[in-house]
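> After the sequence you'll find the predicted model.
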Protein chains: 2
Amino acid sequence: MRLSARSEYGLRALAALAGREAAEPVPLRQLAQSEGLSEQFLEQIFMELRKAGFVSSTRGAHGGYSLTRPAEEILIFDLLETLEGDLAPYECVATDQPECMQVPFCVTRQVWLKLRESMQQAIGTMTLAEIAAGRTWETASR
Amino acid sequence: MRLSARSEYGLRALAALAGREAAEPVPLRQLAQSEGLSEQFLEQIFMELRKAGFVSSTRGAHGGYSLTRPAEEILIFDLLETLEGDLAPYECVATDQPECMQVPFCVTRQVWLKLRESMQQAIGTMTLAEIAAGRTWETASR
DNA sequence: TCAATCATGAGTGACTCACTCAGGATTCCA
DNA sequence: TGGAATCCTGAGTGAGTCACTCATGATTGA
Ligand code: FES
Ligand code: FES
């Protein structure tokens, strides 16, 4: 029951990207170095993020990545769904799953559903801007 | 971000066990067959549950497993912690973890904390009796 | 033209998961 | 007293996943 390193790296790097208010695109190398991450691995991650529409890239010298929307409009929930795949604690309750045949008899489904729902609520309103600024700190730490 | 089959099998089998009100211990074979699970694998799981104090075993002919407490007093949260290990979305916020060195600068910790907290709340009051009876069905499914 | 950057795909070693296999120990009952 | 039923223990294994690395190509700006 752990999130992958992809998710951590992705969130970190995006937060760093959001931190730079510049309109200029930021090269991946800078993000990787400032966060101490593998450049090549981060590249993979940013490809996903680009395909999902969170960042755009400009090639060539002075190229790099930039956010396509202001950080205030990017939900952590959406990011994690992209980075991590469906945020479901069990296959049976994944959103892309056909209705499970065991539904009528199943005692565990209610547990998975409740877990999923609570996770969605927890990060459904958190934005990239918030975590970049660290502002939800107090409320998040109970 | 998936729970393991151990958790599913464990919950299922325990719910089945709770379903039989008999004072007699129930042999593992019956539980495994009624739920369609591998007997040997379920055995491993029940060893853990025994060591964690949720069930007790009686050996020999007419032996089997029984709950040590009424199902109403067994929290799903505790079961999942036993079956799944620490219910933390990231190592850094596992309870057995020493305080993470990056805490002061870390932008992701708040996300992990919020996720963990919400999961705990979601299943912190669910009991084995409830899921065995399927009574939380309506509330769990939104 | 060349350096900086993104783009793409294949490969890999370590690890985990969901089991199986093999055999032993304890207890009840005929 | 013997054997059947059950729990107990530990080792092994094939498939899959994870967190990367490697190699190479494409695009752009100076
Ligand atoms: S496994 Fe799908 S309903 Fe329980
Ligand atoms: S990784 Fe531990 S505080 Fe962020």
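Perfect, I can see it now. Ligands and ions are numbered 1, 2, ... in the order given.
> Three-state assignment for the residue of chain A positioned farthest from its centre, please.
Relative to the mean C-alpha coordinate of chain A, counting by Cα atoms, centre = their mean, the farthest residue is residue A:105 (34.3 Å). Following DSSP: H, G, I helix; E, B strand; the rest coil, we place residue A:105 in the coil state.
> Look at it and report its pLDDT.
Predicted confidence (pLDDT) for residue A:105: 76.
> Ok, residue A:92 next?
87.
> Can you tell me how far the residue nearest to it when sequence neighbours are not counted is from residue A:93?
Distances taken as Cβ to Cβ, 6 or more residues apart in numbering or on different chains put residue A:100 closest to residue A:92, at 4.5 Å, once the chain neighbours are dropped. For glycine as for every other residue, the C-beta is placed from the backbone atoms N, C-alpha and C. Distance, residue A:100 to residue A:93, using Cβ to Cβ, to the nearest Å: 8 Å.
> One more: residue A:87?
Relative to residue A:93, and taking Cβ to Cβ, residue A:87 is found at 10 Å.
> Quick check: neighbours shared by these two?
Contact criterion Cβ atoms under 8 Å, 6 or more residues apart in numbering or on different chains; residues bridging residue A:87 and residue A:93 by contacting each: residue A:116.
> Would you map the helices across chain A?
Along chain A, the stretches classed as helices by DSSP state H are A:5-19, A:28-35, A:39-51, A:76-84, A:109-123, A:128-133, A:137-140.
> Pick out the residue of chain A closest to DNA strand D.
residue A:60 (2.5 Å; Cβ to the nearest atom of the strand).
> follow-up on the earlier one: the residue nearest to residue A:92 and residue A:106 touch, don't they?
Yes - the criterion here is Cβ atoms under 8 Å, and residue A:100 meets it with residue A:106 at 7.2 Å.
> quick one: common contacting residues for the two?
Common neighbours of residue A:100 and residue A:106, using Cβ under 8 Å, 6+ apart, are residue A:92.
> Tell me which of these two has more neighbours.
Here residue A:100 and residue A:106 are compared on neighbour count by other Cβ atoms under 10 Å in any protein chain shown; more neighbours surround residue A:106, at 19 against 15.
> gap between the more buried one and residue B:35?
On the measure of Cβ to Cβ, residue A:106 and residue B:35 end up 11 Å apart.
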